[in-house]
Each structure stands twice: as C-alpha cells, then as structure tokens.
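here are the coordinates; sequence isn't available:
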Ligand code: SF4
C-alpha cells in the first residue's frame, strides 16, 4: 500500500513567513487608511480633552473611579464641591467616608465608591507618599482601580500612550472593524497595534468623542462623519465625508 504523502516542513516555511501579522490580516483597512482616519480626527480636535473635571492627578483618579456606571456630567456636579475641600489624599482622608458620601450621593453606587475613595487615599499615603503612581501595575493595586481607570489616568494625567476601552471605543473597534474583539482587552490591543505612534497620545479621546457625538450606539450619524468615505462599517448610511473643520465649539454647543 502506498504511503500517504507528507508535506515537508521546507515547503511550509515560505507560506508561514509570507503570512501577514494577525492585526493586518483581520482588519479591512490598509495602514494608509488607518493613518488617514486618525489624521482627520487630529484636524477636527487638535487638543482633545476628556469631559471629567479635575485639578491634579489625584482628583482625576477619584473622578474616574466615581464615573463607573455614571455620566461625566453627574460626576462633575458632585466633584465640584468635593474637590473644593479635598484635592489631596490627606484632605480626603481627613474628610472621612461619611462626608465624602454626602458629596457624591447623586451618583450610582455611591456608598461603595465613597469607601473606595477613602481606601485609595489611604493606600496612596501609605505606599506612594501621597502621590499617584505612574505605572499601570501600581495603579491597579489601588482599591477600586481597574485597567481602564489606570489607562485613563496614565493617558490624561501623565501623557502616556494608553487606550482605555470604554463602551464607545469598544463599539467603534467592532462596528468599524478597526479593532474587533470580544473583550475590552482585545479591542485595546487591536487599536494599539494599528494606530500610528504620532496619534497614540490623543487617540483615546478622539475615539470616545467620535463615538459619543457622531458614531452613536443606536444610530450612527454618518452624514456628520469625517471618515464616512473610509469607514467599512456594514451599517453606515453615507459614503460622503463631512467637512473637515476644527470642532471644539460645535461639540460643546451640541451637548
Ligand atoms: S460612517 Fe457612520 S458608521 Fe462609519 S464611523 Fe462614521 S458614523 Fe460611524
């Protein structure tokens, strides 16, 4: 009986070498198209900012912890009074859990969040001389601080090239097929692989703002979208890109 033919490893090697990177194979955009998407975002919002109010890295950390399952507007209302009296870990500790709770009572899950704010203030004083650490590893050891919160703080307070995947970024990664993934971590890694270095500093805010104001969850407003000609979302409703102009004032007015 003739022996079955085995493909030699030698013939397999060239094919394996020719295989594109996973990210490049999985997404339907060329590197040029990805760069053009972020170039347009950079023209629209040259200096994008998050919408949480804060005075220093500590108050940003507290604001982000408070923002879980709450709107930025409701957090800003609560922290206006809170940060006026407590903008350092020591002042927060001196204020105490009950009074912190009094300031944030209008925010969902406020009891647990007040407890976390006090616990993380204690940890910052005990382990970091009252300063907010600048590594993800140290941040995620703090009470109530997960990877997403750490990424927001590293990016917005310290200018690091991180991407915190919230509901908007997760939706965009999958809807546009730019960084498809079943988990926030997969979407984060997908985006980090494809975004050109020069745009990584602000990509986090550009994507959130694009998702919040244009590529909305229920009905994307494709006629207002500056990347409508490049976008490969199956449910897009327009192929003509909107005029590329700086948007800061227009976004504020539209809120
Ligand atoms: S064209 Fe529509 S679906 Fe695509 S990014 Fe713009 S708003 Fe979103």
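That came through fine. Note that the coordinates shown come from a computational prediction; the quantities given were computed from them, not determined experimentally.

In contact with residue 187, which residues are there?
Residues near residue 187 by CB atoms under 8 Å, 6 or more residues apart in numbering: 165, 169, 170, 173, 174, 179, 180, 181. Placement of C-beta: from N, CA and C, glycine included.

Tell me which of those residues fall in strands.
Per DSSP state E, strands hold no members of the contacts of residue 187.

okay, the residues you listed in CSV with pLDDT next?
Formatted as CSV, the contacts of residue 187 follow (pLDDT from 0 to 100):
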residue, pLDDT
165, 94
169, 97
170, 97
173, 98
174, 97
179, 97
180, 96
181, 96
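
Close to the ligand: what parts of the stretch 51-200 of the chain are there?
175, 176 (CB under 6 Å from any ligand atom).

Quick one: buried ones out of the contacts of residue 187?
165, 169, 170, 173, 174, 179, 181 (16 or more other CB atoms under 10 Å).

Is residue 209 part of a helix or strand, or is it coil?
Secondary structure assignment for residue 209 (DSSP: H, G, I helix; E, B strand; the rest coil): helix.

any idea how far it is from the ligand?
12 Å (CB to the nearest ligand atom, to the nearest Å).

my read: that residue touches residue 48, true?
Yes - taking contacts as CB atoms under 8 Å, residue 209 lies within contact range of residue 48: 6.2 Å.

Can you give the domain ranges for this structure?
27-49+161-254, 57-156 (automatic domain parsing).

Can you flag the weakest of the ones you listed by average pLDDT?
Ranked by mean pLDDT, the domains of the chain bottom out at domain 27-49+161-254, with a mean of 93.

what about it, distance to the chain center?
Relative to the centre of its chain, domain 27-49+161-254 is centred 11 Å away, using CA atoms, centre = their mean, to the nearest Å.

got it, and stretch 50-61?
15 Å.

Return the set of buried residues in that stretch.
50, 51, 52, 54, 57, 58, 59, 60, 61.

Mind putting these into JSON lines with secondary structure?
JSON lines is the format used below for the buried residues of stretch 50-61 (three-state DSSP):
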{"residue": "50", "secondary structure": "coil"}
{"residue": "51", "secondary structure": "coil"}
{"residue": "52", "secondary structure": "coil"}
{"residue": "54", "secondary structure": "coil"}
{"residue": "57", "secondary structure": "helix"}
{"residue": "58", "secondary structure": "helix"}
{"residue": "59", "secondary structure": "helix"}
{"residue": "60", "secondary structure": "helix"}
{"residue": "61", "secondary structure": "helix"}
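
Report the two of those residues separated the most.
Across the buried residues of stretch 50-61, the longest distance by CB to CB is 18.6 Å; it joins 51 and 58.

now the spatially most central residue of the chain: how far from residue 156?
Centroid check for the chain by CA atoms, centre = their mean gives residue 164 as the closest residue, at 2.9 Å. Look at residue 164 and residue 156: by CB to CB, to the nearest Å, they are 9 Å apart.

Done for today, thanks.
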